[in-house]
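Colleague: How does the following fold in three dimensions:
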Amino acid sequence: MQEREGKMCRIVIGNETKEYPQGTRYMKIALEYQKDYADDIVLAVHNNKLRELNRSLTSDGAVSFLTTADTKGRKAYRRSMVMMLEKAIYNLYGKGVKLRIMHMLGQGQYCELEGDRKVSEELLGEIRAEMERLCEADIQIRKNSLHTDLAVSKFHEYGMEDKAKLFRFRRSSHVNLYDIDGFQDYFYGYMVPSTGYLKYFELFAYEAGFILLYPNEDTKKTAQFQTSKKLYDTLMEAAAWAKQMHISTIGELNEQIVKGKIQDVILLQEAEMEQRIGKIAEQIAGKREKKFILIAGPSSSGKTTFSHRLSIQLRAHGLTPHPIGMDNFYVDREKTPLDENGQYDFECLEAIDMELFDTSMAKLLAGKKVEMPHFNFKTGKREFKGEMLQLGPDDVLVIEGIHGLNEKLLSTLPKETKFKIYISALTQINIDEHNAIPTTDGRLIRRIVRDAFARGTSAEHTIEMWQSVRRGEEKNIFPFQEHADVMFNSALIYELAVLKMYAEPLLFAIPQDSPQHMQAKRLLKFLDYFLQVPSEDIGRNSILREFIGGSCFHV
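Modeller: Presented below is the predicted three-dimensional model:
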């Protein structure tokens, strides 16, 4: 849109009120204010609605900016970097090489190539040089609205059959495609204005593919890559199973639904998960010195249901499991450390009475009888009610708590007595081959649904608290995940098609003037990709029941 003479828009930016001609691009305004920001401005927010910088003013209102240091800005940068990578590969090799974007490993995106070229340092050097050329050329990233039928034709032209399947099931008559110098693709989310913004990246070979490494907290240099072999293996195992099921993308899942095969998918997934739980139980039972089964993982991973199902499998192997909640060993509330905002920090290690916990576990290991505490969350006090526990030769403790992988916990006990399990919901399917589903989105949707039915908490409040939850995970869980003996993926390939029915009304309830509305709108758009699956056929012992209700376990 060109600037229109005469018609002015009254804009509030911070403490300033300015007028700009209608049609002024947000980029022009952002350039005026860039000096006030340490990081590159990449998106605008106008009246609580996210706007790309290439878009133009059409009305009065409040405008603010997001940089690459903000979560939404960081995602836009990474999304745009993927398209520049895709464009570079297409420029060099045409349709002969196909890019598949897979999962995040630390601050890097794991990618694989299919076609007539294999990953090598020479090939990555060619791609890197072409990406740098595209960045130097500062090519505008344009958004074009196409009729869905025309967009699907273009996907066929580029050999993007995954996207053609995805949009077969979209109700919308039009699709927004992004364009870099004539090369077009669809991306889930907003983009930066041009390739000139995409200066900071690195490519290097990793396992069967390569890593596209992004910046993190320092937005003007690439982050250090932290290897996570166990996580990589767990993610690849899930991806291989999804491929075996011919459900690697949402479009393929939707095909199974319309063909009436979703019940088979549900049964196969649950059987596969039970098989994996059984293997863990078998591993524990084969090492009778293991007495402490420590289970940890981020929010909404299904830890409680997993611990119940593992306990059943342990019983089947001749062991007697006893569940222990680490929360029962909280210090009294007035002794709980405070966070930087002066609020109780219930997620820090010091919120646990480690001396009592370690002493109790050491006595149990020695065969002594121990009175177990209960924490009263109403009074904020630990109580003892005469519940005694003593371990026999076939007894094991199944301990669930966020600090289960921290080496400081039970540090005085022999290492061979501990078996550590990291559990998380690591989504197996992608939106399509160039748009991965963040595992945090799957967990957030799980939590929104569970909080509403189990705690009466609104989606607005759950989303508001999510960043605080994520900070706690980054500090207390993720740094220790490699300490686990086993990683368990609790994501179900079909679950988002079931959660859709529960989550959508909760997200629609968030008012437009709420600070959480942008996040709600993004999640609603994401859920719109899925065809709905009813919950009646979900087994009562499924991990999904922990979030939608109807579980046979006390969760």
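
Colleague: For the stretch 301-450 of the chain, which segments are assigned as strands?
Modeller: Ranges of strands in the stretch 301-450 of the chain, per DSSP state E, counting those that start in this stretch, are 320-325, 370-376, 381-389, 395-400, 418-424.

Colleague: buried stuff in the second one?
Modeller: So that's strand 370-376. Applying a neighbour-count criterion of 16 or more other C-beta atoms under 10 Å, one finds 370, 372, 373, 375 buried in strand 370-376. Just so you know, the C-beta spots here come from the backbone N, C-alpha and C atoms, and that holds for glycine as well.

Colleague: ok, now stretch 223-239?
Modeller: So for stretch 223-239, counting by 16+ other C-beta under 10 Å, buried means 223, 228, 230, 231, 232, 234, 235, 236, 238, 239.

Colleague: Looking at these, spot the one nearest residue 410.
Modeller: Proximity of the buried residues of stretch 223-239 to residue 410 (C-beta to C-beta) peaks at residue 230, which lies at 20.5 Å.

Colleague: hang on, the closest one in a strand?
Modeller: No. Using DSSP: H, G, I helix; E, B strand; the rest coil, the secondary structure at residue 230 is helix, not a strand.

Colleague: Give the residue spans of this protein that score low on pLDDT.
Modeller: 1-6 (pLDDT under 70).

Colleague: returning to what we had before: got the buried residues of strand 370-376 as TSV, with distance to residue 416 columns?
Modeller: Putting those into TSV (distance: C-beta to C-beta, whole Å) gives the following:
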residue	distance to residue 416
370	21
372	24
373	27
375	30
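
Colleague: circling back to that earlier point, pick out the most distant pair among the buried residues of stretch 223-239.
Modeller: 223 and 238 (24.3 Å).

Colleague: about what we covered before: of the strands of the stretch 301-450 of the chain, flag the one that's most buried.
Modeller: Compared across the strands of the stretch 301-450 of the chain, strand 418-424 shows the largest average neighbour count, a mean of 24 (mean count of other C-beta atoms under 10 Å).

Colleague: on that earlier part again, closest one of the buried residues of strand 370-376 to residue 119?
Modeller: Proximity of the buried residues of strand 370-376 to residue 119 (C-beta to C-beta) peaks at residue 375, which lies at 51.5 Å.

Colleague: ok, the closest one touching residue 330?
Modeller: Yes. The pair formed by residue 375 and residue 330 meets the contact definition of C-beta atoms under 8 Å, at 4.8 Å.

Colleague: which residues are common contacts for the two?
Modeller: Counting by C-beta atoms under 8 Å, 6 or more residues apart in numbering, the shared contacts of residue 375 and residue 330 are residue 382.

Colleague: And the helices in the stretch 1-150 of the chain, which stretches?
Modeller: With DSSP state H, counting those that start in this stretch, the ranges of helices along the stretch 1-150 of the chain come out as 26-33, 71-93, 121-137, 148-158.

Colleague: Select, out of the ones you listed, the one closest to residue 481.
Modeller: Minimum separation from residue 481 across these (C-beta to C-beta) falls at helix 71-93, 21.1 Å.

Colleague: Show me which parts of the closest one are buried, residue by residue.
Modeller: 72-91, 93.

Colleague: got it, and stretch 252-263?
Modeller: Using 16+ other C-beta under 10 Å as the test for burial, stretch 252-263 gives 252, 253, 254, 255, 256, 257, 262.

Colleague: cool, and stretch 530-541?
Modeller: The neighbour-count check on stretch 530-541 (16+ other C-beta under 10 Å) flags 530, 533, 535, 538 as buried.

Colleague: Switch these over to JSON lines; also include secondary structure and distance to residue 396.
Modeller: Listed next are the buried residues of stretch 530-541 as JSON lines, based on DSSP: H, G, I helix; E, B strand; the rest coil; distance: C-beta to C-beta, whole Å:
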{"residue": "530", "secondary structure": "coil", "distance to residue 396": "39"}
{"residue": "533", "secondary structure": "coil", "distance to residue 396": "36"}
{"residue": "535", "secondary structure": "coil", "distance to residue 396": "33"}
{"residue": "538", "secondary structure": "coil", "distance to residue 396": "29"}
